[in-house]
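Colleague: The sequence and its predicted three-dimensional model are supplied below.
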Amino acid sequence: MTTRGDTTAINIAVTPEVQVRPANTVPRHFRDLLALDDFERHARKRLPNMIFQYVKGGVETGRGIAAAYEAYQQYVFVPRMFRDVSGRDQHVSLLGHNWSHPFGVAPLGGASFVSYRADLMLAKAARAMNVPMILSASSLIPLEEVIAANPDAWFQAYLAGDQPRIDRLVERVERAGYKTLVVTGDTPMLGNREHNTRSGFSMPIKITPKVMWQSALSPRWLLGTVAQTFLRHGAPHFENTDAERGPPMMSNKVRNTNARDKLSWKHVEAIRKKWKGNLVIKGLMSPEDAFIARDLGADAVILSNHGGRQLDHTVPPLHTLPEIAAAKGNMKVIIDSGIRRGTDVMKAMALGADFVFLGRPFLYGSVIGAQAGIEHAMHILRDEIDRDMALIGVTKPDQLDAALLRRAPLFAREGE
């Protein structure tokens with residue numbers, strides 16, 4: 001199957017037709033996890049507040065997170081009836097691969113300090129489900145280990161505006177065997193994450209009485225993640241911020257974040273000339289930026305406000321999606337930020353997205369149940385999408401279009 005102008009070679013992965021699991025086959029400790037929002041509630045009980053807030057939090061007022069979520073509430077469906085919706089198929093072709101479902105795992109920095117070896121668990125779960133997983137440059141497990149666990153993983157880079165440093169990292173990623181490189185553009189400096197200061201989280205982590213007390217009250221995290229990591233693998237390092245190994249996470253040396261404010265489109269152009277695989281540009285919200293990426297030869301863009309963790313009061317990516325999708329040419333348009341239900345996935349695709357990514361619920365799943373917890377979250381989203389397609393009146397994601405949506409009355413503009 002091909003979708004919307006994809007002319008790349010496709011690796012076909014055959015998977016069984018979607019089967020919604022009977023409730024009695026779900027592990028007992030997962031039975032209260034009925035929707036992705038439930039994972040946050042359960043994970044909160046298992047994590048120190050500083051770690052939970054690190055994952056959940058945004059910046060300043062939190063409007064970036066809230067607005068991205070609210071954008072999806074501004075659309076309602078106009079479902080079609082009396083259509084044969086048997087034989088539904090979620091497969092989507094994207095960047096040379098036929099994925100089983102139209103969603104993937106967004107990059108999650110520091111994931112393996114939230115949950116034991118989480119980057120590997122996310123990679124293995126994504127491989128089992130045949131969906132893409134993006135490894136964060138701020139991960140604590142070497143990129144070489146992750147691609148060994150999942151040969152289809154993507155790598156996401158935070159780059160300084162320093163071409164020799166960029167070239168060395170790109171060469172390392174290429175040697176490791178990655179086929180897709182994601183370059184993030186929305187981090188010229190870190191956002192104002194006040195919640196980290198309030199909760200006691202810092203980078204590097206400082207062992208203060210507050211941190212010690214929170215850790216002692218969360219023994220499953222302290223023993224199951226921190227102690228196991230140190231005992232089995234030594235002190236966690238920022239392994240992938242540059243071509244060379246970064247500093248220990250808990251040392252006084254901070255990870256190499258200097259000169260990111262010098263990164264510009266000329267560096268993206270140089271990467272495009274050097275990198276032979278798929279090039280994805282992440283963190284865009286402006287149509288003008290998306291079209292620059294298109295004209296420089298990007299294979300895809302990810303419209304994203306970084307999960308509300310960088311600039312507050314940003315435009316929700318969903319609001320600029322239709323304009324970008326209408327003039328994308330051969331470039332693929334992917335979106336993240338604010339997606340929590342199968343209906344959100346359907347709305348994004350109806351407005352022109354080729355694919356979606358989400359992150360926090362899958363990381364919470366790893367906290368609750370390691371790889372099985374992540375796969376349970378993916379099963380929930382998969383089952384919602386299957387049900388939603390039937391109720392909307394389509395059998396494949398590429399049948400979704402804007403005719404199936406209306407602006408909700410509360411949000412409708414004059415004349416709509």
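Modeller: Ah, there it is. Bear in mind that the values here come from a model prediction, so they are computed numbers and not experimental data.

Colleague: Now tell me which helix or strand of this protein has the poorest mean pLDDT.
Modeller: Ranked by mean pLDDT, DSSP states H and E, the weakest helix or strand in the chain is helix 194-199, scoring a mean of 83.

Colleague: residue contacts, Asn192?
Modeller: Residues in contact with Asn192, defined by CB atoms under 8 Å, 6 or more residues apart in numbering, are Val59, Glu60, Asp312. Where C-beta positions appear, they are placed from N, C-alpha and C, glycine not excepted.

Colleague: How about the contacts made by Tyr69?
Modeller: If you count contacts by CB under 8 Å, 6+ apart, then Tyr69 has Gly338, Arg340 around it.

Colleague: before we move on, the earlier item: could you save the contacts of Asn192 as JSON lines and add columns showing distance to Phe52?
Modeller: Shown next, in JSON lines, are the contacts of Asn192 (distance: CB to CB, whole Å):
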{"residue": "Val59", "distance to Phe52": "16"}
{"residue": "Glu60", "distance to Phe52": "19"}
{"residue": "Asp312", "distance to Phe52": "20"}
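
Colleague: Buried only: go through those for me.
Modeller: Val59, Asp312 (16 or more other CB atoms under 10 Å).

Colleague: Glu244: which of the contacts of Asn192 is nearest?
Modeller: Relative to Glu244, the closest of the contacts of Asn192 is Val59; by CB to CB it sits at 29.6 Å.

Colleague: and Met331, how many neighbours?
Modeller: 22 (other CB atoms under 10 Å).

Colleague: Stretch 136-150: how far from the chain's middle?
Modeller: Relative to its chain's centre, stretch 136-150 lies at 15 Å (CA atoms, centre = their mean, to the nearest Å).

Colleague: Can you list the helices and strands that the lengthiest strand in the chain packs against?
Modeller: Counting by DSSP state E, the longest strand found in the chain is strand 278-284. For strand 278-284, the elements it packs on are strand 154-157, strand 180-184, helix 265-274, helix 287-295, strand 300-303, judged by 3 or more CB pairs under 8 Å, 6 or more residues apart in numbering; DSSP states H and E.

Colleague: Sheet partners, orientation included, of the first one?
Modeller: Its sheet considered, strand 154-157 pairs with strand 134-135 (parallel), strand 180-184 (parallel) by DSSP bridges.

Colleague: quick one, which of these is packed in tightest?
Modeller: strand 134-135 (a mean of 28; mean count of other CB atoms under 10 Å).

Colleague: roughly how far is it from the heart of the chain?
Modeller: Relative to the centre of its chain, strand 134-135 is centred 8 Å away, using CA atoms, centre = their mean.

Colleague: again, but for stretch 333-351
Modeller: On CA atoms, centre = their mean, the centre of stretch 333-351 falls 12 Å from the chain's centre.

Colleague: Pull up the distance across it, start to finish.
Modeller: Stretch 333-351 has its terminal residues 11 Å apart, counting by CA to CA, to the nearest Å.

Colleague: Kindly report the same for stretch 94-105.
Modeller: 14 Å.

Colleague: and what of stretch 108-118?
Modeller: End-to-end distance for stretch 108-118, by CA to CA: 9 Å.

Colleague: Low-confidence stretches in the protein?
Modeller: Within the chain, the stretches with pLDDT under 70 are 1-24, 251-257, 411-416.

Colleague: Give me the most central residue, it.
Modeller: Ala106 (1.4 Å; CA atoms, centre = their mean).

Colleague: Touching, that one and Gly338? I think so.
Modeller: No - assessed by CB atoms under 8 Å, Ala106 is found out of contact with Gly338, at 11.8 Å.

Colleague: still on that earlier bit, now do the contacts for the residue nearest to the centre of the chain.
Modeller: Ile134, Ser304, Gly307, Asp336, Phe357, Leu358, Gly359.

Colleague: can you check Ile368 too?
Modeller: Per CB under 8 Å, 6+ apart, neighbours of Ile368: His29, Phe30, Leu33, Phe39, His42, Ala43, Arg46.

Colleague: go with 6 Å
Modeller: When contacts are counted by CB atoms under 6 Å, 6 or more residues apart in numbering, Ile368 touches His42, Ala43.

Colleague: Make sure I have this right: it is in a helix.
Modeller: Yes - with DSSP: H, G, I helix; E, B strand; the rest coil as the criterion, Ile368 is part of a helix.

Colleague: And it, how close does it get to Gly307?
Modeller: 20 Å (CB to CB, to the nearest Å).

Colleague: what do you get for Pro79?
Modeller: Distance from Pro79 to Gly307, counting by CB to CB: 30 Å.

Colleague: quick one: which of the two has more around it?
Modeller: Gly307 (21 against 13).

Colleague: wait, Lys262 sits on Gly161?
Modeller: Yes - assessed by CB atoms under 6 Å, Lys262 is found in contact with Gly161 at 2.6 Å.

Colleague: My impression was that Thr61 belongs to a helix - is that right?
Modeller: No - assessed with three-state DSSP, Thr61 is coil; it does not lie in a helix.

Colleague: List the residues that contact the residue lying closest to it once chain neighbours are set aside.
Modeller: Residue nearest to Thr61 in three dimensions, not counting chain neighbours: Asp312, with 5.6 Å by CB to CB, 6 or more residues apart in numbering. Going by CB under 6 Å, 6+ apart, Asp312 touches Val59, Glu60, Thr61, Arg63, Gly64.
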